[in-house]
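Novice: model this:
(one chain, ligands or ions: 1)
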Amino acid sequence: MKSFLFLILITFSISSFAQIKFKWLGITAMTISDGKTTLFFDPAITRFGPLDFLPFKKIQSNHAEVDYWLNRCGVNSVQATIVNHAHTDHVIDAPYVVKKFKNKLFGSSSVMNVGRGHGLSSHELQEIKHGGVFKIGDFTISTFNTPHPPHAAGIMLMDGHIEKPIPPQASAWDYKVGDTFSFYITHPKGKILYQSVADIENNGPLQKLEADVAFISIANRTSTEKILTETLRPTKANLVIPLHIDNFLYPMKRTGEIDLWWGLKLEEFNQKLQASGLKVHVPKYCDEVTLLN
Ligand SMILES: [Zn+2]
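Specialist: A predicted model of the protein is given here:
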């Protein structure tokens, strides 16, 4: 009886006092955890260089590389793998993470076809739609439509939807974008916005959301001012964490400074946010950051 009460006490104290923590694993790959439940967004640790995009080339998830970074970052349990869109730099290692940690893949119909082709079964797949809500542990996740911007000069590469399962070895061009989601994550500890693209449409539903913490992809942004006006000031966030800052055409650097994405202007981003009184944290691979106390 005594030990039973002790167990209840421990469980109660963990659920009441656990902080929400975050770790970054490059591009927009990240874990958000309350100590009981870990969400893994956009696992794409395997990187591909420009030559891998040649039409006759086949690409695949590099499990040894993924294991190295999971180990190094201390990721040893995952309850949900959630993918914002189906390009390789967001989805390539998702099926492996689902199998390794015996959890479930959440994403668009295109992401589901990546999972199916990599041998995931229907109970490991959950398709999500724009305007939906799903729950994992104490996290409630709402999904928003934030269309993927063109890559350059108005041109969108790998556009369209993945209509049939993609096998583990396939061309990078098979990984078509599909629907693109941003996520609003609420938890008894607070609210987190993960805006997966830099620019959102004027007066979209995302603009009305307040959050304690805002994650935002800042690669290929139109301007920092636009992000500030459309997303960050309206959220009233206490903490802003920029994502999609490293160069995904290079392997994740195991030592030294990360390779920043070309033309990212991270300094300019930091300075403008700080000048408007916003706290910015530029993440480093594997560093644990407390988001909510
Ligand atoms: Zn993309």
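Novice: correct me, but residue 63 touches residue 96?
Specialist: Yes. At 5.8 Å, residue 63 counts as touching residue 96 under the criterion of CB atoms under 8 Å. Backbone N, C-alpha and C define where each C-beta goes, glycine included.
Novice: Can you name the residues that contact the most centrally placed residue in the chain?
Specialist: Nearest residue to the geometric centre of the chain (CA atoms, centre = their mean): residue 41, 3.5 Å. For residue 41, the contact set (CB atoms under 8 Å, 6 or more residues apart in numbering) comprises 28, 29, 30, 31, 32, 82, 83, 84, 183, 194.
Novice: quick one: which of those is nearest to residue 68?
Specialist: Distances from residue 68 to the contacts of residue 41, taken as CB to CB, are shortest for residue 29 (13.6 Å).
Novice: so is residue 95 in a helix, a strand, or just coil?
Specialist: Following DSSP: H, G, I helix; E, B strand; the rest coil, residue 95 is assigned to helix.
Novice: Can you get me a residue count around it?
Specialist: Counted by other CB atoms under 10 Å, the residues lying close to residue 95 total 25.
Novice: out of residue 63 and residue 96, which sits in the busier spot?
Specialist: Shown here are residue 63 and residue 96; by other CB under 10 Å, residue 96 has more neighbours (22 against 14).
Novice: per-residue confidence for residue 154?
Specialist: Per-residue pLDDT puts residue 154 at 82.
Novice: Against residue 249, how distant is it?
Specialist: The gap separating residue 154 from residue 249 is 21 Å, by CB to CB, to the nearest Å.
Novice: What residues sit buried inside stretch 238-256?
Specialist: 239-249, 251-252 (16 or more other CB atoms under 10 Å).
Novice: closest to residue 224 among those?
Specialist: Taking CB to CB as the measure, residue 242 is the one of the buried residues of stretch 238-256 closest to residue 224, at 10.1 Å.
Novice: Am I right that that closest one sits in a strand?
Specialist: Yes. Counting by three-state DSSP, residue 242 is found in a strand.
Novice: I'd like the secondary structure assignment at residue 215, please.
Specialist: strand.
Novice: So which bits of stretch 28-41 are buried?
Specialist: 28, 29, 30, 31, 32, 33, 34, 37, 38, 39, 40, 41.
Novice: Filter the contacts of residue 41 down to the ones in strands?
Specialist: Among the contacts of residue 41, the members found in strands (DSSP state E) are 30, 31, 32, 82, 183, 194.
Novice: hey, what's the closest residue to the fifth one other than its chain neighbours bridged with?
Specialist: Spelled out, that is residue 183. Nearest residue to residue 183, sequence neighbours excluded (CB to CB, 6 or more residues apart in numbering): residue 194, at 4.5 Å. Taking DSSP bridges as the rule, residue 194 bridges to residue 183, residue 215.
Novice: my guess is residue 194 meets residue 215, correct?
Specialist: Yes. Using CB under 8 Å, residue 194 makes contact with residue 215 at a distance of 4.5 Å.
Novice: Touching both of those two, which residues are there?
Specialist: residue 28.
Novice: what's the spacing between residue 201 and residue 166?
Specialist: Residue 201 is 29 Å from residue 166, where distance means CB to CB.
Novice: Just want to know which of the two has more residues nearby.
Specialist: It is residue 166, of residue 201 and residue 166, that has more neighbours when counted by other CB under 10 Å, with 21 against 12.
Novice: list the contacts for that one?
Specialist: Neighbouring residues of residue 166 by CB under 8 Å, 6+ apart: 113, 114, 117, 118, 174, 175.
Novice: closest to residue 78 among these?
Specialist: residue 118 (16.0 Å).
Novice: and the gap between the closest one and residue 61?
Specialist: Separation of residue 118 from residue 61 (CB to CB): 8 Å.
Novice: what sits in contact with each of those two?
Specialist: Counting by CB under 8 Å, 6+ apart, the shared contacts of residue 118 and residue 61 are 95, 96, 168.
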